[in-house]
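K.L.:
heads up, no residue letters with this:
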């Protein structure tokens, strides 16, 4: 797979969520994740990386509305 989506947590670690061959598919999955509303407080960012170049194409910092309501 070429495009990897991962979640960054407060300890600085990233965990892979999914990979896609097509950039359009990757962007759709990335957008779905940043609009998600049930994140744990320890999840801080969603990132999209091009594995061929090793470059991060996008990163979104999760906001208050992304987290679970206590």
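P.N.:
Everything's here; your move. These numbers come from a predicted model, not from an experiment.
K.L.:
surely residue 66 meets residue 40?
P.N.:
No: checked against Cβ atoms under 8 Å, the pair residue 66 and residue 40 is beyond contact range at 10.1 Å. Any C-beta I mention is one placed from the backbone N, CA and C, and that applies to glycine too.
K.L.:
okay, now the unreliable bits of this protein?
P.N.:
For the chain, the stretches with pLDDT under 70 are 1, 70.
K.L.:
90 - rerun?
P.N.:
Applying pLDDT under 90 to the chain picks out residues 1, 68-70.
K.L.:
what about the helices in it?
P.N.:
Remark: helices of the chain, listed N- to C-terminal, are 23-34; assignment by DSSP state H.
K.L.:
geometric centre of the chain: which residue is closest?
P.N.:
The residue at the geometric middle of the chain, judged as the C-alpha nearest the mean C-alpha position with Cα atoms, centre = their mean, is residue 46 (2.5 Å).
K.L.:
bridging residues for that residue?
P.N.:
With DSSP bridges applied, residue 46 shows beta-bridge pairing to residue 7, residue 60.
K.L.:
look up how far residue 20 lies from it.
P.N.:
14 Å (Cβ to Cβ, to the nearest Å).
K.L.:
now do the shared contacts for those two.
P.N.:
Contact with both residue 46 and residue 20 is made by residues residue 5, according to Cβ atoms under 8 Å, 6 or more residues apart in numbering.
K.L.:
can you give me the strands for the protein?
P.N.:
Using DSSP state E, the strands found in the chain span residues 3-9, 14-20, 43-50, 55-61.
K.L.:
if I look at residue 17, how far off is residue 47?
P.N.:
The gap separating residue 17 from residue 47 is 10 Å, by Cβ to Cβ.
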